[in-house]
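Asks: Make a model of this:
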Amino acid sequence: MMPTAYQTLGIHRESTDEEIHLAWRALAAEHHPDRHPERAEQAAKINQAYSLVKREKDRKGYNDLLELCYSYCKACSGKGVRAKQRGMTRVKTRCEPCHGSGVIA
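Replies: I've put the predicted structure just below:
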């Protein structure tokens with residue numbers, strides 16, 4: 001089973017545009033083919049994943065496709081994050097059963 005774009009970028013479905021961009025930049029720099037020619041295939045996968053989720057309207061279409069192909073994680077209701085109460089603050093953490101992608105293959 002292929003990883004989702006969210007898994008490839010190491011983000012969750014509720015990530016903001018800025019979080020997605022920062023994750024992509026960090027991975028793109030780490031796997032850049034000019035620095036590491038042996039990682040060219042991984043760099044291509046990272047760029048393809050980013051192109052699927054970089055804009056809100058692109059994410060909407062991609063999420064609709066995920067609904068058809070995968071089943072949503074029941075632990076986080078497909079959001080990829082779970083809220084926990086710590087004192088007076090609600091803290092969002094990455095969902096462990098789906099690894100933050102919001103789907104289970």
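
Asks: what comes into contact with the helix or strand harbouring residue 49?
Replies: Taking DSSP states H and E as the criterion, the element that holds residue 49 is helix 40-53. The contact list for helix 40-53 (Cβ atoms under 8 Å, 6 or more residues apart in numbering) reads 5-6, 8-9, 20, 24, 27-28, 31-33, 58-59, 62. In short, each C-beta sits where N, CA and C put it, glycine included.

Asks: swap the cut-off to 10 Å and go again
Replies: 2-11, 13, 15, 17, 20-21, 23-37, 39, 58-63, 65 (Cβ atoms under 10 Å, 6 or more residues apart in numbering).

Asks: now do stretch 2-9
Replies: By Cβ under 10 Å, 6+ apart, stretch 2-9 touches 11-15, 19-24, 26-27, 42, 45-54, 58-59, 62-63, 65-66, 69-70, 80, 98-103, 105.

Asks: quick one on the thing from earlier: list the buried residues in the helix holding residue 49.
Replies: Within helix 40-53, the residues scored as buried using 16 or more other Cβ atoms under 10 Å are 43, 45-46, 49-50, 52-53.

Asks: residues contacting residue 26?
Replies: Residues near residue 26 by Cβ under 10 Å, 6+ apart: 9-10, 46.

Asks: Which residue in those has the weakest pLDDT?
Replies: Among the contacts of residue 26, residue 10 has the lowest pLDDT, at 90.

Asks: and that residue, how many neighbours does it have?
Replies: The number of residues packed near residue 10 is 17, by other Cβ atoms under 10 Å.

Asks: Strands of the chain, start to end?
Replies: Applying DSSP state E to the chain gives strands spanning 71-72, 81-86, 89-94, 103-104.

Asks: avg pLDDT for the third one?
Replies: This means strand 89-94. Strand 89-94 carries an average pLDDT of 68.

Asks: now swap in the last one and tell me
Replies: Strand 103-104 shows a mean pLDDT of 64 in the predicted model.
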